[in-house]
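S.K.: Let me see the structure of the following:
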Amino acid sequence: NFQMALGQAHLIGLSHSNGCAYADSPTTFPIQRMPNISLKPNPQKCSFSDLINDVENGIYVVGAGSWSIDQQRDNFQFGGQLFYEIRNGQLGDLLRDGAYQGRTTQFWNSLAGLCDASAYHLDGTFTCGKAEPVQVAPVSHGSPPALFRNVRVLNTSDDA
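M.R.: All right, here's what the predicted structure looks like:
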């Protein structure tokens, strides 16, 4: 279901909200926010080498970079801190100026594999800002390395 504030659940036939709206102080109005989410690690043993073993031609994105997502949280573009080529199941050269983009539902439906808990990493920020006047809140997301298939990747360089 979509994130909702108190009082919106009845609009889609639910008896209560899913707790996705809150304020950063008693003097501010609650706003809708994304919950803390994580990808659950693969319960089976799966190393990074196992995960990329069958990838003929791909890109490994490390870290978070620039991002853009529309108001409906449907169309998005995300960058990374580092990008590596994957060729025939092996990490290759470092690449520059990459990003990936898509539509949220299609992207999540392209998830093809996850590493096990030994590779899980939790990350986040204490200052996710939203609204006018700005309200800040901590947010965290965790994941082991994940394999997605058929994701649109582009070169963001001015020289491309």
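
S.K.: In this protein, which residue is most central in space?
M.R.: The residue lying closest to the centre of the chain (CA atoms, centre = their mean) is His141, at 7.9 Å.

S.K.: Shouldn't that residue be within a strand?
M.R.: Yes - when DSSP: H, G, I helix; E, B strand; the rest coil is applied, His141 is found to be in a strand.

S.K.: how far away is it from Ala119?
M.R.: According to CB to CB, to the nearest Å, His141 and Ala119 sit 15 Å apart. All C-beta atoms are positioned from the backbone trio N, CA, C, and that covers glycine.

S.K.: Could you pull out the strands in the chain for me?
M.R.: Here the chain has its strands, by DSSP state E, at 21-22, 31-32, 37-38, 57-62, 67-69, 75-79, 82-87, 90-95, 98-103, 111-114, 121-130, 135-143, 146-148, 152-155.

S.K.: Quick check: which of these is nearest to Asp50?
M.R.: Of all those, strand 111-114 sits nearest to Asp50, with 8.5 Å by CB to CB.

S.K.: tell me which residues of that closest one are tucked away?
M.R.: Under the neighbour-count criterion of 16 or more other CB atoms under 10 Å, strand 111-114 has Gly113, Leu114 buried.

S.K.: so what secondary structure elements neighbour it?
M.R.: For strand 111-114, the packing partners by 3 or more CB pairs under 8 Å, 6 or more residues apart in numbering; DSSP states H and E come out as strand 146-148.

S.K.: All set, thanks.
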